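# Dropping the sequence and predicted coords here.
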Amino acid sequence: MWRMKQDPNKRPVRPHRSQVVHGHEVRIIGGQWKRTKLQVADKPGLRPTPDRVRETLFNWLGQDLSGWRCLDAFAGTGALGFEAASRGATQVQLVEHDAALVAQLKRVQMQLQSDAVLVTRGDGVAVLRHTPGGCQDLIFIDPPFDSDVFESAVLAAAQAVALTGFIYLEAPRKWSDEQLQPIGLQLHRHLKAGMVHAHLFKPLVSDAAPAG
């Protein structure tokens, strides 16, 4: 989320979809910190989830996340994770490998005085792989669109998510049930906003009738 200064003597260059200019703030849209504006570091490649998409996502999830355990594997600006904490999540781990972004996330955490949020510097896929199985109620996967970690991240998240939990994925293309079923997931919700495909997955077994 940053602003590019253009030379008036040069032709404007269209930014890559993972480097679109948005500004220097994100806004929490619901919960105890509603309307709070958070500063965003100037970093190429940052692509904060737009307000409209976040609003739709938390409508899908329900507005109250009290008691939920959440993991944002590619935190970036932290917009998704802080939104979850604002709505009552009791544990939100923000994972980010970039040192400057980690420092900014910690500043935001201090600004909000949130005990629920834990900021961790590390590799999102590695953290997911080392997360105990079935312990997360909500996992956010929103890596840079030019990265090659989508498949490995979703696969690792499928092992870490609770049977009644959800995985949120932002990707440059739509994922189908044919891709998801072999790893035990199904597509629950989907929307397309510009070049972003927003998905909400859940485990296949979450709809299974109890044995008896």
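Here it is on my side, so go on.
# which residues sit in contact with D148?
Shown in contact with D148 (C-beta atoms under 8 Å, 6 or more residues apart in numbering): no residues. Yep, even glycine has a C-beta here, placed from its N, CA and C like the rest.
# Partner strands of the helix or strand bottoming out on mean pLDDT in the chain and their direction?
Here the helix or strand of the chain ranked lowest by mean pLDDT, DSSP states H and E is strand 37-39, holding a mean of 82. Note on strand 37-39: by DSSP bridges, its sheet partners are strand 25-27 (antiparallel).
# Show me what the longest strand belonging to the chain is packed up against.
Secondary structure of the chain per DSSP state E: the longest strand is strand 161-171. Taking 3 or more C-beta pairs under 8 Å, 6 or more residues apart in numbering; DSSP states H and E as contact, the helices and strands that strand 161-171 lies on are helix 51-61, strand 136-141, helix 150-160, strand 196-203.
# try 6 Å this time
For strand 161-171, the elements it packs on are strand 136-141, strand 196-203, judged by 3 or more C-beta pairs under 6 Å, 6 or more residues apart in numbering; DSSP states H and E.
# helices and strands around the first one, which ones?
If you count contacts as 3+ C-beta pairs under 6 Å, 6+ apart, strand 136-141 packs onto strand 69-72, helix 150-160, strand 161-171.
# residues making contact with the helix or strand following the last one?
Looking back up the chat, that one is strand 161-171. The element immediately downstream of strand 161-171 (helix or strand, assigned by DSSP states H and E) is helix 177-180. The set of residues external to helix 177-180 that reach it, using C-beta atoms under 6 Å, 6 or more residues apart in numbering, is Q186, L187.
# after helix 177-180 comes which helix or strand?
In the C-terminal direction, the helix or strand that comes right after helix 177-180 (DSSP H and E) is strand 185-193.
# Now do the buried residues in that next one.
L185, L187, H188, R189 (16 or more other C-beta atoms under 10 Å).
# Give me the below-cutoff pLDDT ranges for the protein.
For the chain, residues meeting the criterion pLDDT under 70 lie at 1-23, 41-42, 44-45, 206-212.
# do that again at 90, thanks
The chain contains residues with pLDDT under 90 at 1-27, 37-52, 63, 144-146, 195, 205-212.
# middle-most residue in it, spatially?
When the chain is reduced to its mean C-alpha position, the nearest residue by C-alpha atoms, centre = their mean turns out to be F140, at 3.7 Å.
# In this structure it contacts L80, no?
Yes. Here F140 reaches L80: they are 4.5 Å apart, a contact under C-beta atoms under 6 Å.
# Contact partners for I167?
Residues I139, A157, V161, F201 are the ones in contact with I167 under the rule C-beta under 6 Å, 6+ apart.
# surely the last one meets G184?
If I follow you right, that is F201. No. With contact defined as C-beta under 6 Å, F201 does not count as touching G184 (9.7 Å).
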